[in-house]
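>>> I would like to see how this sequence folds:
(2 chains)
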There are 2 protein chains.
Amino acid sequence: MENGSRNNALKPMDSEQLREYGHQMVDFIADYYKTIETFPVLSQVQPGYLHNLLPDSPPDQPETLEQVLDDVKEKILPGVTHWQSPSFFAYYPANSSVAGFLGEMLSAGLNIIGFSWVSSPAATELEMIVLDWFAKLLNLPEQFLSKGNGGGVIQGTASEAILVVLIAARDKVLRRVGKKALEKLVVYSSDQTHSSLLKACQIAGIHLENCRMLKTDSSTNYALRPESLQEAVSGDLEAGLIPFFLCGTVGTTSSTAVDPLAALGEIAKRNEMWFHVDAAYAGSACICPEYRQHIDGVETADSFNMNAHKWLLTNFDCSLLWVKDQYALTEALSTNPEFLKNKASQANLVVDYKDWQIPLGRRFRSLKLWMVLRLYGAEILKNYIRNHIKLAKDFEQLVSQDPNFEVVTPRIFSLVCFRIAPVDNDEKTCNNLNRNLLEALNSSGKLFISHTILSGKFVLRVAIGAPLTEEKHVMEAWKVIQEEASNILASQVN
Amino acid sequence: MENGSRNNALKPMDSEQLREYGHQMVDFIADYYKTIETFPVLSQVQPGYLHNLLPDSPPDQPETLEQVLDDVKEKILPGVTHWQSPSFFAYYPANSSVAGFLGEMLSAGLNIIGFSWVSSPAATELEMIVLDWFAKLLNLPEQFLSKGNGGGVIQGTASEAILVVLIAARDKVLRRVGKKALEKLVVYSSDQTHSSLLKACQIAGIHLENCRMLKTDSSTNYALRPESLQEAVSGDLEAGLIPFFLCGTVGTTSSTAVDPLAALGEIAKRNEMWFHVDAAYAGSACICPEYRQHIDGVETADSFNMNAHKWLLTNFDCSLLWVKDQYALTEALSTNPEFLKNKASQANLVVDYKDWQIPLGRRFRSLKLWMVLRLYGAEILKNYIRNHIKLAKDFEQLVSQDPNFEVVTPRIFSLVCFRIAPVDNDEKTCNNLNRNLLEALNSSGKLFISHTILSGKFVLRVAIGAPLTEEKHVMEAWKVIQEEASNILASQVN
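Sure thing, here's the model as predicted:
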């Protein structure tokens, strides 16, 4: 990199250099997307591959952008699992888009730290406005909007969202019953709830034997039964414990199960528990009127979370959290050191988002969400979701028509859970066959899918939702799956 | 935004649209840097300013990039506090650079989620390698390198770094003494320690009456005295409490105080406490051999943290944490849900950074650090730091030569703590004068500085470290400060 002047003095933010190199990088990334289908979707490198390709220490003298980009091509990209590939069907999607990418660029360009209102008023205010916009798209109850005691905030991930509300709920109940009661606090969710809940409990000092991961099964398609919850709560109350937190999920990670929010919320309310709704994946679908029913009952919740970075074209990270009572958050998470004091905050005229989250610093993440909403518009975003769900419906249809396969749970959104069907109820063999199929598929580099276990069954998950995925990619994926399955079943017979 | 085809179907990641719009955004950002000195450094808007400028809900139909960029110019930029302005001297710097910006672009372009090794091996491996590189630049002890039980990881912020090591330390001691002893655990630091420690204690359930923020004063330039620590620990042991965590700081937020690591570490070791060193700001300076002495004693620490996003040209967020015992972290923070299981992880062949942090998801942040180290090289980075320290030295000199002012604590790095000097020991009037001066300076839009309180004195902080800051900006700032002070002192006399 050129130096701006003699004496090794650096001009690290020269606008013309930014322009020149920025254009080069844009072309590099555009070319990546142009050729993304040529890479194996799942990286095929072995552990430790990069260690021998890079030096042991950083260079003393500058290298050129060309050198670095060559290394990205030759050394980094082989180790990348291509989440943006149209044949990425694993986990849940992590959407990038032109609008989301531009928002990230602008945020990195301004590089402000928006911990307090004063540290960049636009960052706080745009976030409040865009979260209100989004709440309206989801038709969330008024109490989640910023004009009253509620409001929305961008967290990094659903894990952080669940941690901050758990801490808020914990401190709220401990203010009432005294902090020595920590060991009596009980948390409820289904056994399908995301692992981040248990991790949050661990961090917050909730005793793990007080975390009730209530059993679900295929009779409710892995949704939590309100009767299970009521029974558990009653038992704990009798034992002198203190139920304080319930997590319901709309669209579980394994199989998109939808917990019955209204019935669960009523039990939570009756027992003065905080009710958090995790709709990290499926929340995006609920902007479409025809899928909004899946969050019916959200009016009983204290907090609601969905990830715009999963299925709504906003680059990672952008997890949207709404609460009805912002003071529950700020009472638990506020700090007020002298070096951050300022008139607007001291006069309570503004929101300081540092008190709604774990870290102090925060990026200008609302820019990317704002750009996605404006450059695409609500109607096109709804159609984007509908298209993925239609593709998933088609895929489900294909699976159900092939006698070698079975759909394991009914598809609700854009995830299909299926497997090679068992023969003579031999579940063990069946699980091994599906394990082998998964391995064969992902080693092929042609697509990447992941798995889960439901009631002891090893299940394949095809989650449709990458921004580049079109009908042809889904059809091609199914063809590859059929072929690999035929090979495996054939070798099985021999 | 153009639609790729009929039926409102969206092609959200069309490579040619990314190219076209990406180039437009690069020019927008380059132009921003070209004109950055024309903006008031501290935004001068009033609370709620944006609410009336934007609609109440998102558009149904797409808008154009031109419309959005016009709004950025007219509505967003007035609400931005310009952290990248050469006249930004508040808080601590938050460096952007061409290399850091390019790294953010590339990370947003690939948009992978690197929670586990398999989810993008290059993300994990590059992070391990670059953190090793950086540890070598800092001459950290071998135990912090990845080849043994130790290793480095990128956290979002120093707050998250301190939280994860506090949780690791808490769980380690509770495994030994039983989890009911939580209420007996005691944390130590100086009263100059960053507020994130107390927040971490609050989150982790440490009782706040067991958080010893030990008093410091000007006799040690606000460094923690080992005698104070020893006394506190002895008292707590006698009272049957359990000392378990010590946080030392190199470069405190108020005044860059440097705690004596070696002496503190010895006390920590003798009492089986976890010793964390927070060098969020000043760690960057310690890549220069002549400043490395300030972290002498780091070999006694269990964990060490510095923010490359503060003063080392790596866009926010990029907080570097090293630990000697990675298993203390992973025992506290691991999850292993079925849907994330994979061969490499199950065989313990790889590091899964999800178990070193709070969130599950993670961006490819090592790219930007790697690009900074390669495009600038170690020697130029050292000179970059040296130049800021020299400018701060010059500024300190100017302050000390003006009889209206005094330097409050000796400058160590690139922060100068000073104030209008008191007359006749009238501290109250003096504080008010300095409060007024701060207000007048920041309202002028010409520069942005912040304040702290040391031993009851209201102190002005000029932190030099924005990437565009040159000698002329520091001289101009001093001129403005002198002028405003003269005005205030003159009106005082009348």
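
>>> Contacts (any at all) between chain B and the lowest-mean-pLDDT helix or strand in chain A?
Here the helix or strand of chain A ranked lowest by mean pLDDT, DSSP states H and E is helix A:343-346, holding a mean of 92. Yes. Contact of helix A:343-346 with chain B (C-beta under 8 Å from any C-beta of the partner chain) involves A:A344. C-beta here means a position set from N, CA and C on the backbone, and glycine is covered the same way.

>>> Go ahead and produce PDB holding the CA coordinates of stretch A:238-245.
The C-alpha trace of stretch A:238-245 is given here as PDB (Å, rounded to 0.1, in the frame of the first residue of the first chain):
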ATOM      1  CA  GLU A 238     -45.500 -27.200  45.100                       C
ATOM      2  CA  ALA A 239     -41.800 -27.800  45.600                       C
ATOM      3  CA  GLY A 240     -41.400 -24.200  46.600                       C
ATOM      4  CA  LEU A 241     -39.600 -23.100  43.500                       C
ATOM      5  CA  ILE A 242     -40.200 -19.900  41.500                       C
ATOM      6  CA  PRO A 243     -41.300 -20.200  37.900                       C
ATOM      7  CA  PHE A 244     -40.100 -17.000  36.200                       C
ATOM      8  CA  PHE A 245     -39.300 -17.400  32.500                       C
END
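
>>> if you average pLDDT over it, what comes out?
Averaging pLDDT along stretch A:238-245 yields 98.

>>> That stretch: how far from the chain's middle?
Counting by C-alpha atoms, centre = their mean, to the nearest Å, stretch A:238-245 is centred 30 Å from the centre of its parent chain.

>>> how about it: buried residues?
By neighbour count on 16 or more other C-beta atoms under 10 Å in any protein chain shown, the buried set for stretch A:238-245 is A:241-245.

>>> what do you get for stretch A:182-199?
Going by 16+ other C-beta under 10 Å, stretch A:182-199 has these buried residues: A:182-190, A:192-199.

>>> Restricted to helices, list these.
A:195-199 (DSSP state H).

>>> Which pLDDT value goes with A:S5?
Confidence score, pLDDT, at A:S5: 40.

>>> okay, now the domains of chain A?
A:18-43+A:80-94+A:379-494, A:114-376 (automatic domain parsing).

>>> looking at those, which is buried most?
domain A:114-376 (a mean of 22; mean count of other C-beta atoms under 10 Å in any protein chain shown).

>>> Run through chain A and note the low-pLDDT ranges.
Along chain A, the model assigns pLDDT under 70 to residues A:1-9, A:493-494.

>>> Kindly recompute the last result at 50.
A:1-7 (pLDDT under 50).

>>> on that earlier part again, list of residues touching the least confident helix or strand of chain A?
Here helix A:343-346 makes contact (C-beta atoms under 8 Å, 6 or more residues apart in numbering or on different chains) with A:116-118, A:350, A:352, B:47.

>>> Figure out the helix or strand that the nearest residue to A:I76 once chain neighbours are set aside lives in.
Counting by C-beta to C-beta, 6 or more residues apart in numbering or on different chains, A:I76 lies nearest to B:A122, which is 4.8 Å off, once chain neighbours are set aside. Using DSSP states H and E, B:A122 falls within helix B:121-137.

>>> what packs against that helix?
When contacts are defined as 3 or more C-beta pairs under 8 Å, 6 or more residues apart in numbering or on different chains; DSSP states H and E, helix B:121-137 sits against strand B:151-155, strand B:319-323, helix B:366-401.
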